[in-house]
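Colleague: Quick one, structure for this:
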Amino acid sequence: MLYDKINEKFVSPKFFWNVDELVQGAQAPSANSIVSQMRNAEKNLNWEEIASCGVDKLPLVKVESNGWIIQFKIMPKKQEAWGKPGSKAIGAGLMEVGWSQTKSQLRDEIRGKRRQHMGIDKPLIVAVNAGQLDSDAEDKFDALYGSEQWVLNEDLSSVAHVTRDLDGIWLGRQGVKNSHMPYVLMGNHVNPWSFPNLRLEQFSHPFQPIDATVDLPRIPRWVNNGGKAEYVEGETLGEILGVKF
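Modeller: Residues are numbered from 1 along each chain as shown. Coordinates of the predicted model:
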């Protein structure tokens, strides 16, 4: 397999090369040519700059061979892992296309953490590393507030409108749930090298007033503004905690 050949020939002490895009050509690619291009590109990579740029701004490197095009997203390794024996250059490849159930996975993550803290008599704030599940804003809203759905009459006599199903963390078939959990925090791809530049998102229970004793005003949040979700800017984790790379 191509990735195995690249990993045999190419060692990258400071970076993972995650496959971001792949276009297959009509002829077999040359692993030697691809590795040569990767080595040349690595000479221009600066670990300090990449480690501090944040996940959304990670550099991309594109290589080509015999009609094949591979685009890599460069991920910095932790310093203690530099040059570690057996560490492969290609840290992740593309998976086959399939249906995503990210909202269900997010719900399972939140429920699992809630069960770990059953019986406490204090407000519970759950934090989820949502980016590991490739989630977006729609997935998060569906998980917490119920799956978005279109509703219309069978005879099409009225205009279709959007509602939410009763399958969310805070509202189910039996009514309001998890009132002891006023907030859920979610972050995308939280890891040691990204968190100083990372902005978490705070989601609030729709049927509970803001609890000033556990409010986190410096964290970016989604608020209800006239029935519509509105994003309120906040600070990065690095700014809040006073941490810099």
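Colleague: on contacts alone, who are the packing partners of the lengthiest helix in the chain?
Modeller: Counting residues, the longest helix found in the chain (DSSP state H) is helix 102-116. In terms of contacts (3 or more C-beta pairs under 8 Å, 6 or more residues apart in numbering; DSSP states H and E), helix 102-116 is packed against strand 125-129, helix 137-145. Just so you know, the C-beta spots here come from the backbone N, C-alpha and C atoms, and that holds for glycine as well.
Colleague: Just send those back as TSV, with mean pLDDT and distance to H117 too.
Modeller: Converted to TSV, the helices and strands packed on helix 102-116 look like this (pLDDT from 0 to 100; distance: least, C-beta to C-beta, whole Å):
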stretch	mean pLDDT	distance to H117
strand 125-129	90	8
helix 137-145	89	18
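Colleague: so which of these is the most packed in?
Modeller: helix 137-145 (a mean of 20; mean count of other C-beta atoms under 10 Å).
Colleague: ok, and what's touching it?
Modeller: Outside helix 137-145, the residues that touch it by C-beta atoms under 8 Å, 6 or more residues apart in numbering are 102-104, 106-107, 110, 130, 133, 148, 164, 168-171, 184, 186, 201, 203, 206, 229.
Colleague: what do you get for stretch 110-128?
Modeller: Identification of contacts with stretch 110-128 by C-beta under 8 Å, 6+ apart yields 106, 109, 143-144, 169, 178, 180-187, 200, 211, 213-214, 216.
Colleague: how does it look with 6 Å?
Modeller: Stretch 110-128 is contacted from outside by E109, I169, H180, M181, P182, Y183, V184, L185, M186, D211, V214, using C-beta atoms under 6 Å, 6 or more residues apart in numbering.
Colleague: ok, how many other residues are close to the second one?
Modeller: So that's I169. 21 (other C-beta atoms under 10 Å).
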